[in-house]
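Asker: Sequence and predicted structure are below.
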Amino acid sequence: QKEVEQNSGPLSVPEGAIASLNCTYSDRGSQSFFWYRQYSGKSPELIMFIYSNGDKEDGRFTAQLNKASQYVSLLIRDSQPSDSATYLCAVNRGRSGAGSYQLTFGKGTKLSVIP
Amino acid sequence: ETGVTQSPTHLIKTRGQQVTLRCSSQSGHNTVSWYQQALGQGPQFIFQYYREEENGRGNFPPRFSGLQFPNYSSELNVNALELDDSALYLCASSSATNTEAFFGQGTRLTVV
């Protein structure tokens, strides 16, 4: 079983719609979770991190964490063509509080927002 | 820009050769991690250095080695290059005051 799993997509949504990206992880002891966006040929950039069960909102983005189900999701509201990218889910096996980010990534979900 | 710089940006090597990739961490960051990202895959954790000591390693063979210097910059060395080593190599730096790791732009290594 892979440690972090994501649907590879592609996921296509019309402009203005809600894009829903999902991720499951295998290590029940994981404490911190990250969503990165990666444009083709570029390095990953952090969108959000979440440590506690429930929802965390930042602008058009909402991260949801359910540790009992070992499930993390990212919702993008009012999707824009500029949101078209690969979205990577990552779990930290290091100690985030100590600045130790040893991230296990999923393969990523490719999102296309159609104008 | 994150303040993390990697060099070179692109590199072509022949199978069996050795390569050194470099990373300058963001000012004040004492932790550097290296990742390998093959085409169509997510980044895979290679190892991490904290204050010049290795502080964790992923599932990579010993021919992948590294160093961190007193100024916290870092090198990734790969010996006996194989075709499957062709990938984007990413460096990320952080410190205890950060809530994230900051990635450099990456080095694209092609092994022929």
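Answerer: Structure's in. What do you need? Source: prediction; values computed, not measured.
Asker: I'd assumed residue B:87 was in contact with residue B:36.
Answerer: Yes - using CB atoms under 8 Å, residue B:36 makes contact with residue B:87 at a distance of 4.8 Å. The C-beta positions use only the backbone N, C-alpha and C, and glycine is treated the same way.
Asker: what sits against the residue in chain B that chain A sits nearest to?
Answerer: In chain B, the residue that lies nearest chain A is residue B:42 (3.3 Å; CB to the nearest CB). Residues counted as contacts of residue B:42 (CB atoms under 8 Å, 6 or more residues apart in numbering or on different chains) are A:4, A:88, A:90, A:105, A:106, A:107, A:108.
Asker: So it belongs to a helix, correct?
Answerer: No - using DSSP: H, G, I helix; E, B strand; the rest coil, the assignment for residue B:42 is coil, not a helix.
Asker: follow-up on the earlier one: out of the contacts of residue B:42, which touch chain B?
Answerer: For chain B, the contacts drawn from those by CB under 8 Å from any CB of the partner chain are A:4, A:88, A:90, A:105, A:106, A:107, A:108.
Asker: So which of the residues you listed are in strands?
Answerer: Among these, the members found in strands (DSSP state E) are A:4, A:88, A:90, A:105.
Asker: On the secondary structure side, give me the element for the residue lying farthest from the centre of chain B.
Answerer: In chain B, residue B:97 marks the outermost C-alpha relative to the chain mean, sitting 21.5 Å out by CA atoms, centre = their mean. In this assignment (DSSP states H and E), residue B:97 forms part of neither any helix nor any strand.
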